[in-house]
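Colleague: no sequence for this one, just the structure:
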């Protein structure tokens, strides 16, 4: 190909085309070397500070540890709070990373493997109903034995406990995004002959990024609630305390020092706001790039942190050495085949495979149930199940009362916030902070009020459970009201539909699917919150409510494994039955009748 110069443009074979100005010189900035600007210096300083902090923390994560000599409390000196806050943040983000990895693997398996879906979804439904103390009773000893003589075992147990309060909601969100992918995108992936690896990163993850980010933010906020239980662990007649803001608050609560609890609350507020501003706000603004819509929204989320990162050249410099690794993975994963479903098999072969799979799963479930019943029968007796179901009925009544009260209070408030853009811009960040704040830090003040007013914890525990669970309903109703199309609002205004008719025919049907999602999450959160809400301590006061949460908490503290098994099994039955009989039916109703 011959070189050619025309109109200020020069090209040659095998060379990059360089546009030049009319005087024959390159245009401004073409040959200019990249320079570090103040934005680059700011991002570099933040990155160096983060790496330095991680290096300083690394030795303390592997400190010597002896179970019989481990400290049961931490220092309540306020000067230690910055160090405790960093340790807690490290555990939270480690659990978030593990949750994302689990979400990708589990959700893909459930969405792509037809037979596995029949097992994985019910298992996930049960896992999200198991309280965090149910996991701690099993995993603490296992992790301590996995890392003998090191604090790393207890750190892993704490991170795993936080993981169990994040992963299930994120997995459900990503699974539903996979099964609801538009057929056009699926056909495009086949036409382009993408491998399974390429389809995952170029179609599956981008299409599910928005629900994954938002549910990750909600799960991260919910995990703050269980921070104290995961850092100040009472299990098997042993009490272990890890340095962290949660264990600091637990120690201060045990000493009955409300001043120190107030300081911990102030630090938590700063932490929650900081994480939302520095991490979740940039993530939600960045995830908008994956929104599929015909017209661009007029009011998109903005983030100063994300704007700074986009203006800096450092992210590109860091990512540049990783691009060959990505290309190598693309080539190396071609051996796993293309992202296509297998060819259709004969119906008789499919039925035979289904029957064999169902029989194998049934046999495993029956064998596990038989061994569990035999273990309970030979220890505490099968009559313990009746006692646990009776206690579960008391907790179940509190959950229903909480849901009814939260619905009556927060649905109108959520609709008002969501349908007023000016109010939304101000109130939504506030709601996010409130939803993220660990409400159990407020339990000592509530307990002091209950003692002063003579209120039984059988009634007061409803309020304590609501402090951690009600925000899910409010958050989802705000999202539903904000998502109502503008043309529908204008139509209702044009037809002068007001008052009760407007609520019954327009607003409630529009937010109903979002309310169902919030109701499911709030109900699950309330069941888990009952573990810490039905047994509270403040100084010398120890209040206990009659309920399944108090039963499991007491069994976990004393190391009564048969009772832990009974309590967790009964709670799982209540939660799964409520989901199947009520929430799943309401979810299908919202999809068929009230989907916009």
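Modeller: Noted; the coordinates are in hand. Not measured: the values here are computed from a predicted model.
Colleague: Which residue, other than its chain neighbours, is closest to residue 463?
Modeller: Distances taken as C-beta to C-beta, 6 or more residues apart in numbering place residue 446 nearest to residue 463, at 6.7 Å, with adjacent residues excluded. The way it works is simple: take the backbone N, C-alpha and C, and place the C-beta from them, glycine included.
Colleague: buried stuff in the one helix or strand the one you found maps to?
Modeller: Residue 446 belongs to helix 443-453 when elements are defined using DSSP states H and E. Buried residues in helix 443-453, counted by 16 or more other C-beta atoms under 10 Å: 443, 444, 446, 447, 450.
Colleague: Could you dump those into a markdown table with pLDDT added?
Modeller: Formatted as a markdown table, the buried residues of helix 443-453 follow (pLDDT from 0 to 100):
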| residue | pLDDT |
| --- | --- |
| 443 | 79 |
| 444 | 77 |
| 446 | 82 |
| 447 | 80 |
| 450 | 84 |
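Colleague: For my notes, please list those residues in CSV and give distance to residue 73 for each entry.
Modeller: Shown next, in CSV, are the buried residues of helix 443-453 (distance: C-beta to C-beta, whole Å):
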residue, distance to residue 73
443, 18
444, 16
446, 22
447, 19
450, 24
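Colleague: Show me which of the residues you listed is closest to residue 365.
Modeller: residue 443 (38.1 Å; C-beta to C-beta).
Colleague: Tell me the secondary structure at the closest residue to that closest one other than its chain neighbours.
Modeller: Of all residues not flanking residue 443 in the chain, residue 536 sits nearest, at 5.2 Å (C-beta to C-beta, 6+ apart). The three-state assignment at residue 536 reads strand, by DSSP: H, G, I helix; E, B strand; the rest coil.
Colleague: from here on, count from 23
Modeller: Happy to do that; since the first residue is 23 now, the last one works out to residue 558.
Colleague: how far away is residue 558 from residue 552?
Modeller: According to C-beta to C-beta, to the nearest Å, residue 558 and residue 552 sit 12 Å apart.
Colleague: Of these two, which one has the most company?
Modeller: Shown here are residue 558 and residue 552; by other C-beta atoms under 10 Å, residue 552 has more neighbours (32 against 23).
Colleague: can I assume that one is in contact with residue 417?
Modeller: Yes: taking contacts as C-beta atoms under 8 Å, residue 552 lies within contact range of residue 417: 5.1 Å.
Colleague: shared neighbours of those two, which are they?
Modeller: Residues touching both residue 552 and residue 417 (C-beta atoms under 8 Å, 6 or more residues apart in numbering): 569, 570, 571.
Colleague: so of these, which ones are in helices?
Modeller: 570, 571 (DSSP state H).
Colleague: So which of the shared contacts of residue 552 and residue 417 wins on neighbours?
Modeller: With neighbours defined as other C-beta under 10 Å, the most crowded of the shared contacts of residue 552 and residue 417 is residue 571; it has 30 neighbours.
Colleague: show me the contacts for that residue.
Modeller: 153, 417, 483, 549, 551, 552, 553, 554, 555, 556, 557.
Colleague: what's the closest of those to residue 272?
Modeller: Nearest to residue 272 among those, with distances taken as C-beta to C-beta, is residue 554, at 10.3 Å.
Colleague: What helix or strand is the closest one located in?
Modeller: Assigned by DSSP H and E, residue 554 falls in helix 530-555.
Colleague: Ok, residue 261 next?
Modeller: strand 260-263.
Colleague: so what's the backbone phi/psi at the residue lying closest to residue 203 once chain neighbours are set aside?
Modeller: Spatial nearest neighbour of residue 203, excluding adjacent residues (C-beta to C-beta, 6+ apart): residue 229 at 5.6 Å. When read as degrees, to the nearest 10, the backbone of residue 229 gives phi -70, psi -20.
Colleague: roughly how far apart are residue 229 and residue 208?
Modeller: 10 Å.
Colleague: Could you do residue 282 as well?
Modeller: Residue 282 is 56 Å from residue 208, by C-beta to C-beta.
Colleague: Going by distance to residue 70, which of the shared contacts of residue 552 and residue 417 wins?
Modeller: residue 571 (45.3 Å).
Colleague: any idea how far residue 545 is from the nearest residue to that closest one once chain neighbours are set aside?
Modeller: Once flanking residues are discounted, residue 571 sits nearest to residue 552: 3.1 Å by C-beta to C-beta, 6+ apart. To residue 545, residue 552 is 11 Å away according to C-beta to C-beta.
Colleague: Residues in contact with stretch 481-494: which ones?
Modeller: Outside stretch 481-494, the residues touching it (C-beta under 8 Å, 6+ apart) are 240, 243-244, 247, 420-421, 423-424, 427-428, 431-432, 453, 456-457, 460-462, 464-465, 468-469, 472, 540-541, 543-545, 547-548, 551-552, 554-556, 558, 565, 567, 569, 571.
Colleague: which residues sit in contact with the residue nearest the centre of the chain?
Modeller: Centroid check for the chain by C-alpha atoms, centre = their mean gives residue 241 as the closest residue, at 2.3 Å. Residues near residue 241 by C-beta under 8 Å, 6+ apart: 121, 187, 188, 189, 191, 192.
Colleague: Between residue 282 and residue 208, which is the more surrounded one?
Modeller: Set side by side, residue 282 and residue 208 show more neighbours around residue 282, with 19 against 15, by other C-beta under 10 Å.
Colleague: circling back: my guess is the residue nearest to residue 203 meets residue 210, correct?
Modeller: No: Residue 229 sits out of contact with residue 210 when judged by C-beta under 8 Å, with a separation of 11.4 Å.
Colleague: So these two - more neighbours on which side?
Modeller: Neighbour tally, residue 229 and residue 210, criterion other C-beta under 10 Å: the higher count belongs to residue 229, 19 against 12.
Colleague: Give the burial count for residue 456, as a bare number.
Modeller: Neighbour number of residue 456 under other C-beta under 10 Å is 17.
Colleague: helix/strand/coil for it?
Modeller: helix.
Colleague: Excluding covalently adjacent residues, which one is nearest to it?
Modeller: According to C-beta to C-beta, 6+ apart, the nearest residue to residue 456 is residue 493 (5.8 Å).
Colleague: before we move on, what about residue 103?
Modeller: residue 289 (5.1 Å).
Colleague: Just confirm the one you found contacts residue 267, I think it does.
Modeller: Yes: here residue 289 reaches residue 267: they are 6.2 Å apart, a contact under C-beta under 8 Å.
Colleague: Common neighbours of the two, please.
Modeller: Joint contacts of residue 289 and residue 267 (C-beta under 8 Å, 6+ apart) are 103, 107.
Colleague: Could you check which of these two has the larger neighbour count?
Modeller: More crowded of residue 289 and residue 267, by other C-beta under 10 Å: residue 267, with 29 against 20.
Colleague: ok, now which ones touch the more buried one?
Modeller: Residue 267 sits next to 103, 106, 107, 110, 249, 253, 286, 289, 290, 293 when contact means C-beta under 8 Å, 6+ apart.
Colleague: same thing with residue 263?
Modeller: Contacts of residue 263 (C-beta under 8 Å, 6+ apart): 92, 93, 94, 95, 96, 253, 254, 255, 269, 272, 273.
Colleague: How about the backbone phi and psi for the last one?
Modeller: In other words, residue 273. Backbone geometry at residue 273, expressed as degrees, to the nearest 10, gives phi -70, psi -40.
Colleague: if you skip the residues just before and after it, what's nearest to it?
Modeller: residue 95 (4.5 Å).
Colleague: so the one you found, which of the three states?
Modeller: coil.
Colleague: what's around it, how many residues?
Modeller: 15.
Colleague: Could you do the one 4 residues further on as well?
Modeller: One way to gauge burial is a neighbour count; for residue 99, by other C-beta under 10 Å, it gives 9.
Colleague: could you measure it against residue 93, distance?
Modeller: Taking C-beta to C-beta, one finds residue 99 at 14 Å from residue 93.
Colleague: Any stretches of the stretch 223-372 of the chain with poor pLDDT?
Modeller: Applying pLDDT under 70 to the stretch 223-372 of the chain picks out residues 256-259, 314-323, 357-372.
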